[in-house]
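Peer 1: Dropping a prediction and its sequence here:
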Amino acid sequence: MSELAFEFDKNNNKLLLISSCIEGEKLPTDAIVREQFEQSKFQSLYYLPEEASKAVALLTQYMTAKQFGKPVRFVVAEVRPAKIKIRLSADNMSATAELTAAFGGQNLTDKQIVRCAAKMGVVMGLDLEAIKGLAKDAQVGSQGKTYQKVIAKGQMPLNGNDSTFERLTKTATERVLQPQETDNGKVDMRDLGSLVSVKPNDPLMRRHPPTKGRAGFDVKGNAVLAQPGECIAFDVGPGAVVSSEDSNLLVAEIPGIPYILEQGARVDNVLELEKVDVSTGHINFEGGVIVNGDVSEGMKLKASGNVTVGGFIENASIEIDGDLTVMKGIIGRKISDDSDPETTDYHCNVKVSGNLCAKYIQNSALVVKKQVQFQGQILHSRIFAQSIYGGTEKAAVGKIVGGFYEVTQGVRCATIGALASTNTTFHLFPELAQKQDKKQTLLKLRKEKEDILSEIKAAWEFLREGNEQENKAELIEQTINSYKVHDKELKKYSRAVVHLTHQIEKQMHSVYIQASREFFSKTHLKLGQVHFVTQDDLKNVKYGFRDGQFTRI
């Protein structure tokens, strides 16, 4: 075979193939040239296969013309330096370096990469460790391999916080959950302290001003301004007023019971009674009510504000547009003792639009829009509520035994169920069926729109291809306009389906039932079509809903 040799041209950084055709010898092929190049000391150079093919073709031409011994010198490889590209994100908050390792040449050092970045204006937020890693990757890796790393990141601004609100008055709920401490350091569970009320000019809530935030910067060193927090106005309810001396202080305007709102407060007019019984008659009052004693059997109490009962509610009918606080307890009985707590009627019925807090609850029907808190126990009752907590957020106490409980968010207390396997049922996320029906309706509407759009598209294709229709341009325009209208509605239904699906999944994963001390067997848990019955007595357990079933979490 004709001899092959390689010669490196230092002036031009090129590798030459040197050969000549010899009479009687075989000519080299492209594959042979490539193989000998890869086995040579020049293998780190960038190989030029097209140029090598030209050299082989020229040798073949000389052989055909019988020009033996005529030398061929062809460039077949070359030195290629490392290449780097610096790409900035659209918002200039990050810079990415794309480094291609050299062929036979010098790779870039970390300092050279920094200088390349600086030429592109990248001067802030440099990640020196990432840059060193990039340089090392190219140094030890294969020739011509491309490596990529984020080498600089800007700092996002820290936006200011909106106004925050600090409650300055206690609530009746705290009075129930925190019995008074005596002089000897013991807690008297019967002494609940004085009733919570306020006088004119008593502080209710303080507004803390918004903060300005902290500016950030992009990788080019430009400041990225922070969005200052918003000054949120007080939600000034009836009976409350902004202090004339401090615009960030909300105070009571009248004497009464404070009702704390998310961003403000109100003070309810107060009707104070020693008791509610046959001597007072039924009570229907526009404002808050304080009952120092009991609400007796058969009585009705209706109020538009917060209500505090210092004693018991016993087999009464209560309807409150606010919070209800019962210092001792709510006691009732079933009309039929053997009936199912989910469907039976009770002599004691309580309906509250806010929160309810009581020492204990027994044989009663409660509909509470927000949270039920209790200190002792809930026995054989039916409760519809957003959540049921025994004790406070910090300390779970109390027990729930028997009854039916329909809860949107969660249940937490010390003990659930009893050794006697009393029938205790919790129906979690009761809105699921309604939301699923709504989702099916939206899916049906979306499918109808998809069908309409398909028909419109088919009509448009027919008009576009036809040549004999009268008013063709006008018909096409009408078709396009109709398509846009229905497409807009389709997108609206699609967004609604996605949003509702997210809502359902989020709530299904957020509901829970927890007993910090004991969770007894034969407790029924329901969510949608899933019905789970606990089989063992467990300690400190929390159940949630995952992957279509109840499980410990």
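Peer 2: Looks like it came in fine.

Peer 1: what helix or strand does residue 426 sit in?
Peer 2: Applying DSSP states H and E as the criterion places residue 426 in strand 424-428.

Peer 1: partners of that strand in the sheet?
Peer 2: strand 399-416 (parallel), strand 523-527 (parallel) (DSSP bridges).

Peer 1: got the contact list for the last one?
Peer 2: Read that as strand 523-527. 416-417, 423-429, 432, 508, 511, 513, 531-534, 543, 545, 550 (Cβ atoms under 8 Å, 6 or more residues apart in numbering). Heads up, the C-betas are built off the backbone N, CA and C, glycines and all.

Peer 1: Show the average pLDDT along that strand.
Peer 2: Across strand 523-527, the average pLDDT comes to 95.

Peer 1: Of all the residues in it, which ones are buried?
Peer 2: For strand 523-527, the neighbour count (16 or more other Cβ atoms under 10 Å) marks 523, 525-527 as buried.

Peer 1: would you turn these into a markdown table with distance to residue 90?
Peer 2: Below are those laid out as a markdown table (distance: Cβ to Cβ, whole Å):
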| residue | distance to residue 90 |
| --- | --- |
| 523 | 55 |
| 525 | 49 |
| 526 | 50 |
| 527 | 44 |
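
Peer 1: show me the contacts for residue 121.
Peer 2: By Cβ under 8 Å, 6+ apart, the neighbours of residue 121 are 88, 219-220.

Peer 1: among those residues, who's most crowded?
Peer 2: Within those, most neighbours by other Cβ atoms under 10 Å means residue 219, with 27 neighbours.

Peer 1: pLDDT at the spatially closest residue to residue 230 that is not a sequence neighbour, what is it?
Peer 2: In space, residue 230 comes closest to residue 162 once its chain neighbours are excluded; the distance is 4.7 Å by Cβ to Cβ, 6 or more residues apart in numbering. Turning to residue 162, the model gives it a pLDDT of 94.

Peer 1: okay, how far is it across stretch 339-346, tip to tip?
Peer 2: One end of stretch 339-346 to the other measures 10 Å (Cα to Cα, to the nearest Å).

Peer 1: Pull out the buried positions in that stretch.
Peer 2: By 16+ other Cβ under 10 Å, the buried positions in stretch 339-346 come out as 341, 344, 346.

Peer 1: What distance do you get for the second one to residue 380?
Peer 2: Counting by Cβ to Cβ, to the nearest Å, the gap from residue 344 to residue 380 is 10 Å.

Peer 1: And the first one, by the same measure?
Peer 2: Distance check for residue 341 against residue 380: by Cβ to Cβ, it reads 6 Å.

Peer 1: Kindly report the same for residue 332.
Peer 2: 10 Å.

Peer 1: what sits in contact with each of the two?
Peer 2: Common contact partners of residue 332 and residue 380 (Cβ under 8 Å, 6+ apart): 362-363.

Peer 1: host element of residue 509?
Peer 2: helix 472-510.

Peer 1: by contact count, what packs against that helix?
Peer 2: strand 399-416, helix 432-465, strand 538-546 (3 or more Cβ pairs under 8 Å, 6 or more residues apart in numbering; DSSP states H and E).

Peer 1: Of the ones you listed, which is nearest residue 168?
Peer 2: strand 399-416 (27.7 Å; Cβ to Cβ).

Peer 1: Taking strand 538-546 as reference, get the angle to the closest one.
Peer 2: Relative orientation of strand 399-416 versus strand 538-546 (axes from the mean of the first three to the mean of the last three Cα atoms, to 10 degrees): 100 degrees.

Peer 1: Now strand 399-416: average pLDDT?
Peer 2: 95.

Peer 1: heads up, I number from 37, so please use that
Peer 2: New numbering, starting at 37: the last item is strand 435-452.

Peer 1: Please tell me how far the closest residue to residue 73 other than its chain neighbours sits from residue 76.
Peer 2: Distances taken as Cβ to Cβ, 6+ apart place residue 83 nearest to residue 73, at 6.0 Å, with adjacent residues excluded. With distances taken as Cβ to Cβ, residue 83 is found 11 Å from residue 76.

Peer 1: Looking at the two now, which is surrounded by more residues?
Peer 2: residue 83 (18 against 15).

Peer 1: give me phi/psi at residue 170?
Peer 2: phi -70, psi -40 (degrees, to the nearest 10).

Peer 1: Now it. Nearest residue, chain neighbours left out?
Peer 2: Closest to residue 170 by Cβ to Cβ, 6+ apart is residue 185, at 4.7 Å.

Peer 1: Can you give me the pLDDT of the one you found?
Peer 2: For residue 185, the predicted pLDDT is 95.

Peer 1: Does it lie in a helix or a strand, and which?
Peer 2: Assigned by DSSP H and E, residue 185 belongs to strand 182-189.

Peer 1: Centre of the chain to that strand, how far?
Peer 2: 29 Å (Cα atoms, centre = their mean, to the nearest Å).

Peer 1: immediately after it, which helix or strand?
Peer 2: strand 194-195.

Peer 1: and that following strand, which strands flank it?
Peer 2: strand 249-250 (antiparallel).

Peer 1: Do me a favour and get the end-to-end distance for stretch 47-63?
Peer 2: 30 Å.

Peer 1: again, but for stretch 555-575
Peer 2: First-to-last distance for stretch 555-575 - Cα to Cα - comes to 6 Å.

Peer 1: For that stretch, buried residues please.
Peer 2: The neighbour-count check on stretch 555-575 (16+ other Cβ under 10 Å) flags 555-556, 558-559, 561-564, 568, 570, 574 as buried.

Peer 1: now do stretch 51-58
Peer 2: In stretch 51-58, counting by 16+ other Cβ under 10 Å, buried: 51-53, 55-57.

Peer 1: show me the residues around the residue nearest to residue 73 that make contact.
Peer 2: By Cβ under 8 Å, 6+ apart, the contact set of residue 83 is 70, 73-74, 112-113.

Peer 1: Can you find the helix or strand of the chain with the lowest average pLDDT?
Peer 2: helix 208-213 (a mean of 57; mean pLDDT, DSSP states H and E).

Peer 1: so after that one, what's the next helix or strand?
Peer 2: That would be, after helix 208-213 and using DSSP H and E, strand 239-244.
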